[in-house]
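*Asks:* what follows is a predicted protein model with its sequence.
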Amino acid sequence: MIITIFGPPGSGKGTQSILLIAKYNLQLISIGDLLRNIISSGSELGKKIKNTVESGNLIQDEVICELLRSQLACVDDNFLLDGFPRNLNQAHFLTQVLRERYNKDVDIVIELQLDGEVAIKRLKDRLVCLDCKSVYSASSFKSGNNFVCTKCKSTRLERRVDDSDLSAINKRMSEYHIQIKDLREYYKDKLLTINANLSVVQVKQEIENKISCNLV
Ligand code: ADP
């Protein structure tokens, strides 16, 4: 099964992706995490894309499409894509590369829908474990306690650079809302629309319910 997940920043794509890959036994390709790893590696590519990612802009399609192609070499046709495609050009590329490689297309497209104010609130509160990439809300830690990752025990919990800057947040939001219109239309036959304003567990349940209706 091939799933791709869309949602504005803060909609819980990363969190729900982790839950979905465990439930359906899929491999995960998270473009955002890959880009952040490339940046922290300090490679030439990392230096080139750092400012673009941190200011909330999209990386050029050619770079992202090549990155995706290289990731597909490591998976069979059971995976979840988080962060790809982000525009119609990338969607056409995905259709083509999946046809060449697996002779099939994406099976399910999940769109997480979130109110703007909720998104901003969540992003301001979001902490990410630099070691295992788990996501937390700063407000969920008791005051006075240190931030410690409950999964890997790392104390390296930080805000993402692009979450710390309101103009980067706004840029990502507005770009998302422009591009999602075309993507919705392109994938209208496989689209599952989910209310992402609810709790993690409720959103997970709604996704699973809609996937199981879709699979019968
Ligand atoms: P969010 O959805 O919260 O903005 P992601 O972690 O998915 O965060 O992506 C972070 C950044 O990585 C984006 O703002 C953009 O700069 C870059 N990026 C991720 N996916 C793509 C893509 N498919 N095309 C171009 N740039 C991308």
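*Replies:* Cool, the structure landed. Numbers count the residues shown, from 1 in each chain.
*Asks:* which residues does the closest residue to C152 other than its chain neighbours contact?
*Replies:* Excluding the flanking residues, the one nearest C152 by CB to CB, 6 or more residues apart in numbering is C132, at 4.2 Å. Backbone N, C-alpha and C define where each C-beta goes, glycine included. Contact analysis of C132 by CB atoms under 8 Å, 6 or more residues apart in numbering lists 149, 151-152, 154.
*Asks:* show me the residues you listed that map onto helices.
*Replies:* Counting by DSSP state H, none of the members of those fall within helices.
*Asks:* list just the nearest of those residues to L20.
*Replies:* K151 (17.0 Å; CB to CB).
*Asks:* I figured that closest one hits V135, correct?
*Replies:* No. Assessed by CB atoms under 8 Å, K151 is found out of contact with V135, at 10.4 Å.
*Asks:* neighbour count: these two, which is higher?
*Replies:* Ranked by neighbour count (other CB atoms under 10 Å), K151 and V135 place V135 first, with 16 against 13.
*Asks:* not counting its neighbours along the chain, what's nearest the residue in the chain positioned nearest to the ligand?
*Replies:* Residue nearest to the ligand within the chain: G32 (2.0 Å; CB to the nearest ligand atom). Using CB to CB, 6+ apart and skipping residues adjacent in sequence, the residue nearest G32 is G83, 4.8 Å away.
*Asks:* quick check: residues of this structure near the ligand?
*Replies:* 9, 31-32, 35, 52-53, 56-59, 64, 83-84, 86, 90, 162, 172 (CB under 6 Å from any ligand atom).
*Asks:* try it again with 5 Å
*Replies:* When proximity is defined by CB under 5 Å from any ligand atom, the chain lies next to the ligand at 9, 31-32, 35, 53, 58-59, 64, 83-84, 86, 172.
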